[in-house]
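In: Okay, here's the prediction I keep looking at, along with the sequence it came from:
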Amino acid sequence: DVKVTQSSRYLVKRTGEKVFLECVQDMDHENMFWYRQDPGLGLRLIYFSYDVKMKEKGDIPEGYSVSREKKERFSLILESASTNQTSMYLCASSLISGGEQYFGPGTRLTVT
Amino acid sequence: RKEVEQDPGPFNVPEGATVAFNCTYSNSASQSFFWYRQDCRKEPKLLMSVYSSGNEDGRFTAQLNRASQYISLLIRDSKLSDSATYLCVVFGSSNTGKLIFGQGTTLQVKP
């Protein structure tokens, strides 16, 4: 079974803090993704990576950056957290481009 | 026009009912199609891939109509445990690996 884990289930941060969200997958998948999910807006892609040290902007990259130093690990960074970044953050991975994606349990981030 | 459109529902059905969801997509070159299930406050989980010939998994049947650019999900003999949001997912023609998620259709199965 594919396993995608995320570092925290719940996180509370203050405005202006730097926030790191970690994601690890154990199936040697090439592709990894970060989404946020908000009521009424569905899943929105922030960044994705198709190889180590490679990254591509998704639909809403502003205010975020990512790091992929190892194949199994994909980190999402909020350089200076803001209240409008309060959301559920979901990490996913897939073996091939366009293949089914497997999600981690999500991190519910609250920025106060 | 959204790339993937679903009726958000909610669909309220009694146990044992048959219910069908449709989803339309805008990119005629789309190559892969999936249905995901998402329970409240949980992550999306793959329910089934959708093949050109249609496919069935127990009580669930998925169909693809390329000419009309829609996919469907049929659930027979609904169970209380089928209550969830069902996400239609489409992969476009690019090589970037991006999947496009619909906003989901909510199903509530009542006793």
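Out: Now that the structure is in, tell me what you want to look at. What you see is a predicted model, and the numbers here were worked out from it, not measured in a lab. Numbering: from 1, shown residues only, chains lettered A, B, ... in the order given.
In: where in chain B is pLDDT low?
Out: In the predicted model, chain B carries pLDDT under 70 at residues B:93-97.
In: what does it put close to chain A?
Out: Contact residues (CB under 8 Å from any CB of the partner chain) of chain B with chain A: B:31-32, B:34, B:42-46, B:49, B:87, B:91, B:95-99, B:101-104. Heads up, the C-betas are built off the backbone N, CA and C, glycines and all.
In: Which ChimeraX command selects the buried ones in those?
Out: Entered in ChimeraX, the line below selects the buried ones among the residues of chain B next to chain A, by 16 or more other CB atoms under 10 Å in any protein chain shown:
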select /B:32,34,43,44,46,87,91,97,98,99,101,102,103,104
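In: how about the strands in chain B?
Out: Ranges of strands within chain B are B:4-6, B:11-14, B:19-25, B:32-38, B:45-50, B:55-57, B:60-65, B:70-75, B:84-91, B:99-101, B:105-110, based on DSSP state E.
In: And the last one, what's buried?
Out: With burial defined by 16+ other CB under 10 Å, the residues of strand B:105-110 counted as buried are B:105-107, B:109.
In: Pipe the strands of chain B into JSON lines and attach distance to A:I60 per row.
Out: Shown next, in JSON lines, are these (distance: least, CB to CB, whole Å):
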{"stretch": "strand B:4-6", "distance to A:I60": "17"}
{"stretch": "strand B:11-14", "distance to A:I60": "29"}
{"stretch": "strand B:19-25", "distance to A:I60": "21"}
{"stretch": "strand B:32-38", "distance to A:I60": "19"}
{"stretch": "strand B:45-50", "distance to A:I60": "23"}
{"stretch": "strand B:55-57", "distance to A:I60": "33"}
{"stretch": "strand B:60-65", "distance to A:I60": "29"}
{"stretch": "strand B:70-75", "distance to A:I60": "25"}
{"stretch": "strand B:84-91", "distance to A:I60": "18"}
{"stretch": "strand B:99-101", "distance to A:I60": "13"}
{"stretch": "strand B:105-110", "distance to A:I60": "23"}
